[in-house]
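**Q** this one's sequence-less:
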Ligand SMILES: NC(=O)C1=CN([C@@H]2O[C@H](COP(=O)(O)OP(=O)(O)OC[C@H]3O[C@@H](n4cnc5c(N)ncnc54)[C@H](OP(=O)(O)O)[C@@H]3O)[C@@H](O)[C@H]2O)C=CC1
């Protein structure tokens, strides 16, 4: 609402802008304010200065003081350092908007694209002390008076988005909502990199950029980036929001900043006895809404009828059709009631963006993190720097409350990368430095980051206690997607598929149509081996129905002879619902590389000469132990080895054992930390047995626990 005391229309508009409580309202009041003051936000380089000059209002002045202080930081070099850069940021979630602010302070032309046209997320984010300090420095309190008052250390996602949207707009960022990014338009002629959008006639489609930052959330990862799956014990998260009427009675109810079963067994036992609800942990924050996030045990969800039927596959288990929505509402309601001592009066669910009670159930069993935080694409001599921030870089486990703090750390690291890019540092160095810093992210905690919040800046050295900017060397582990050779238009996947088809054609029962499901019976793998090593496997003795045997036979040969460890067990390969395509691509790429420079020798293919394929255009680097290449001088017809598929060579797995259970650990099911490998399911707390997350444990060097 307009401040009634403001008689000057621009002051009233400014007040409306500051107080606006929806995305649309912010955008409308901002555009009216600009119109009234005759300042053009498209003139991004001088917009902020002109706005300041023309809005002579005491309330605005305290805001300018804050923003000026930030903008004057030496890292931004008066907004000169990226003055020539054009940045497209995907996603106006908290991380996308926070990134846009930093890039604008560096002087870049910044456009943000967001497919939603409203900010409707009630869920509440835990803030580490540095994020509170950071947001105060961006005048969060001016836009949202209740920001972290007293001991509060959280904020709803939508309030955070509103604050960051307002700051972005004031700094000259163009925020386009209701528009979806669909991919890239590659440079041609005079034009540079552009975006394919929906709606396709959206004016932002004309924006040419040299930096692309994806902050599109957990489900959006742009072309070229690969994600690692971190699979753990089943972990089912439930979030729910109730209306906060801000009454005295509600104010009395204590928050629960995080209680895990191990620390309060009685609480969880009483909850179970009284309600039948069995939880691992629960968090309760009183914010715009009463927000709860909890991890529930499958058994109790089944018993209470929330999950209708038991499935071992988490996707099927939590599929919409398998969840009784009414029972889920009851479950969440009862858990919230009990954990607040039945003291929250008249609890009513808040509504989500679809106008439904805001309760949701999520699977945290399998979480993702990107293998690389950055890459460079180059087409027609035009380079595009790409970076990931927020959930599309690392998906957080919500009950731990690390999401936004690590999200903002990655935002600053990304801004530092763009700064180096703007300064014209060689792009390999820029990428290597970004990847070096990325290695620290999952280990960061409030304790091991610097406490000197006032000195925090985009410079990593001000935030991380021990940072080695050169741990990844410029020639290592950095992604450059260059122009494919002119004659080859096919993608790396297509090239690999074609190679596999070429070298498995003509075998009975083998038809390679794709890079995952066609490999299930093991026959295609055996055929591939037979093409390059004809005497190793007796193809006529294999049967399609004997998939475990076939797969184990192939796995053993590939590991023993070529040093390529299997990515999963033979039985998973044979029976698992879906074979993960990226993992299979990784596996087949290694086989391709190992057979590199070999001539296939099977009669049928004897005329086919292998030439190295441009798989390097899609740099597939998973962290696997180094493997041996087929030696160019190795005899083509090796003596016939018939590995025993049931008892693979024990020597092979010596360095691939789980530190805890000493059983073989396959690439797909493993995690590594402290220089050791573990099954995801074995990585549990020594005291209470709950599954641990990377970065969420302490390791005793002496006892090894
Ligand atoms: N507790 C919770 O409920 C949630 C918490 N978070 C937390 O918030 C923090 C910040 O998350 P952040 O990384 O910023 O991600 P967010 O999910 O908050 O924001 C990403 C935004 O980008 C939009 N988007 C996705 N794809 C496209 C596309 N192709 N074109 C245009 N827009 C697109 C998404 O829309 P859409 O969502 O419709 O795909 C979403 O609005 C993290 O800590 C995260 O864990 C984030 C989400 C929920």
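**A** Received the coordinates, thanks. Just so you know, these numbers come straight off a predicted model, no measurement behind them.
**Q** Who does residue 198 form a beta bridge with?
**A** residue 180 (DSSP bridges).
**Q** Next, count neighbours for it.
**A** Counted with other Cβ atoms under 10 Å, residues neighbouring residue 198 total 13. (Glycine included, C-beta is placed from N, CA and C.)
**Q** how about it, what does it touch?
**A** 179, 180, 182 (Cβ atoms under 8 Å, 6 or more residues apart in numbering).
**Q** pretty sure residue 230 belongs to a strand, no?
**A** Yes: read with DSSP: H, G, I helix; E, B strand; the rest coil, residue 230 is one of the residues of a strand.
**Q** which non-adjacent residue is nearest it?
**A** residue 367 (5.0 Å; Cβ to Cβ, 6 or more residues apart in numbering).
**Q** For the protein, what lies in contact range of the ligand?
**A** Applying Cβ under 6 Å from any ligand atom, one finds that the chain approaches the ligand through 90-91, 93-96, 113-116, 121, 123, 125, 157, 180-181, 215-217, 219-220, 239, 390-391, 396, 398, 403-404, 407.
**Q** how does it look with 5 Å?
**A** Among all residues of the chain, those adjacent to the ligand (criterion: Cβ under 5 Å from any ligand atom) are 91, 93-95, 113-116, 123, 180-181, 215-217, 220, 390-391, 396, 403-404, 407.
**Q** Look at the closest residue to the ligand within the stretch 401-550 of the chain and report its pLDDT.
**A** In the stretch 401-550 of the chain, the residue found nearest to the ligand is residue 403; the distance is 2.5 Å by Cβ to the nearest ligand atom. Per-residue pLDDT puts residue 403 at 84.
**Q** Double-check it against residue 389; I have them as touching.
**A** No: with contact defined as Cβ atoms under 8 Å, residue 403 does not reach residue 389; the gap is 11.7 Å.
**Q** Can you pick out the residue with more neighbours from those two?
**A** Set side by side, residue 403 and residue 389 show more neighbours around residue 389, with 31 against 20, by other Cβ under 10 Å.
**Q** Might you report the residue contacts of the more buried one?
**A** The neighbourhood of residue 389, defined by Cβ under 8 Å, 6+ apart, consists of 95, 96, 99, 213, 214, 215, 407, 410, 411, 414.
**Q** helix or strand for residue 53, which one?
**A** With secondary structure defined by DSSP states H and E, residue 53 is part of helix 44-54.
**Q** how about the lengthiest helix in the chain: buried residues?
**A** Assignment by DSSP state H gives helix 403-422 as the longest helix of the chain. Using 16 or more other Cβ atoms under 10 Å as the burial criterion, the residues of helix 403-422 that qualify are 403-422.
**Q** before we move on, back to that, can you count the residues close to the residue nearest to residue 230?
**A** Number of residues near residue 367 (other Cβ under 10 Å) recorded here: 21.
**Q** and it, which of the three is it?
**A** Once three-state DSSP is applied, residue 367 turns out strand.
**Q** just checking, next helix/strand downstream of the helix holding residue 53?
**A** Following helix 44-54 in sequence order, the next helix or strand is helix 58-71 (DSSP H and E).
**Q** pLDDT below threshold where in the chain?
**A** For the chain, applying pLDDT under 70 flags the ranges 1-6, 474-479, 482-490, 596-656, 665-678, 680-681, 685-705.
**Q** redo that, cut-off 50
**A** 1-4, 485-488, 597, 599-655 (pLDDT under 50).
**Q** can you list the domains in it?
**A** Using automatic domain parsing, the domains assigned to the chain come out as 1-72, 77-120+159-227+370-462, 233-364, 492-654.
**Q** Of those domains, flag the one that's most buried.
**A** domain 77-120+159-227+370-462 (a mean of 21; mean count of other Cβ atoms under 10 Å).
**Q** Strands of the stretch 101-250 of the chain, residue ranges please.
**A** Per DSSP state E, counting those that start in this stretch, the stretch 101-250 of the chain carries strands over the ranges 109-114, 124-126, 154-156, 174-177, 180-185, 194-198, 211-214, 227-231, 236-243.
**Q** now those strands in a markdown table, with distance to residue 493?
**A** Supplementary listing: the strands of the stretch 101-250 of the chain in a markdown table, determined by distance: least, Cβ to Cβ, whole Å:
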| stretch | distance to residue 493 |
| --- | --- |
| strand 109-114 | 27 |
| strand 124-126 | 37 |
| strand 154-156 | 41 |
| strand 174-177 | 32 |
| strand 180-185 | 16 |
| strand 194-198 | 20 |
| strand 211-214 | 20 |
| strand 227-231 | 16 |
| strand 236-243 | 33 |
